[in-house]
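Novice: A predicted structure for the sequence below; I have some questions about it.
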Amino acid sequence: MLRRLALSAVVPLAVLAAAVPASTATASGAASSGPVPSAAPTSGPFAAARPALGPLPMPLPLPGFLDDGEGTGAGEADAARTRLTVSVENTGVPGADGTFELECGPTGGTHPEGQAACDRLAEAGATRAGRQELFRETPEGTMCTMIHGGDAFARIVGTWEGRAVDTTASRRDGCEIARWNSLVPVLPDVR
């Protein structure tokens, strides 16, 4: 077993040594006149595999891979790219009806609960299910309870974490009530 492990380590090193051009590891200058000592084994089973690799390369950042090409950190770019217009009507809650702007990263706009709404969006964006489900409309043919939750209606348009959003929400049945409630405080709490 140990021999197999040693051979499996030697073979890739030998291949790597053959692929990388050998470097001349000699010191330059008037005072030195010989090769630079190395930690490579000169005898034994590993003596044949002596790659002259030199210093290891530094890992390169992958611009555009995690942040969609914006050049900033993933969290900063996501928060900065959230800008929504929320239009709400017929809630029956004083001050809840109207059209509000919501910006996250930093929080801004005219939304009455801007920071709480941005926190909710960030919480949903932290999970894959939240990113997929938050603004998704109830699919046609879904069986929902026939509970009427009121005449409240909302439309949300803009961008969330760089994704286009254009959706409506109501409280016409159990599925839509649950969807509305999942969007509170982006939408007003009308329970």
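Specialist: Received, thanks. None of these values were measured; they are calculated from a predicted model.

Novice: please make it C-alpha for all contacts and neighbour counts, starting now.
Specialist: Fine.

Novice: setting the sequence-adjacent residues aside, check what's closest to Arg131.
Specialist: Gly125 (5.0 Å; Cα to Cα, 6 or more residues apart in numbering).

Novice: and the one you found, how many residues sit next to it?
Specialist: If you count neighbours by other Cα atoms under 10 Å, Gly125 ends up with 19.

Novice: what of Arg191?
Specialist: Count around Arg191 with other Cα under 10 Å applied: 9.

Novice: likewise for Cys104?
Specialist: Using other Cα under 10 Å, Cys104 has 23 neighbouring residues.

Novice: mind checking how far it is from Asp189?
Specialist: 20 Å (Cα to Cα, to the nearest Å).

Novice: which residues does Thr138 contact?
Specialist: 175-176 (Cα atoms under 8 Å, 6 or more residues apart in numbering).

Novice: and it, how far from Glu176?
Specialist: Computed as Cα to Cα, the Thr138 to Glu176 distance reads 7 Å.

Novice: for Leu183, same thing?
Specialist: Applying Cα to Cα, the value for Leu183 to Glu176 is 11 Å.

Novice: who's more crowded, these two?
Specialist: Set side by side, Leu183 and Glu176 show more neighbours around Glu176, with 21 against 18, by other Cα under 10 Å.

Novice: isn't that one up against Thr168?
Specialist: No - Glu176 sits out of contact with Thr168 when judged by Cα atoms under 8 Å, with a separation of 9.9 Å.

Novice: mind giving me the packing neighbours of whichever strand or helix holds Val86?
Specialist: Under the criterion of DSSP states H and E, Val86 resides in strand 82-89. Applying 3 or more Cα pairs under 8 Å, 6 or more residues apart in numbering; DSSP states H and E, we find strand 82-89 packed against strand 98-104, strand 153-160.

Novice: give me the mean pLDDT for the first one.
Specialist: Averaged across strand 98-104, the pLDDT comes to 95.

Novice: which parts of that strand are buried?
Specialist: Residues of strand 98-104 classed as buried: 100-104 (neighbour count, 16 or more other Cα atoms under 10 Å).

Novice: relative to Arg131, which of these is nearest.
Specialist: Arg131 lies nearest to Cys104 out of the buried residues of strand 98-104, by Cα to Cα, at 15.9 Å.
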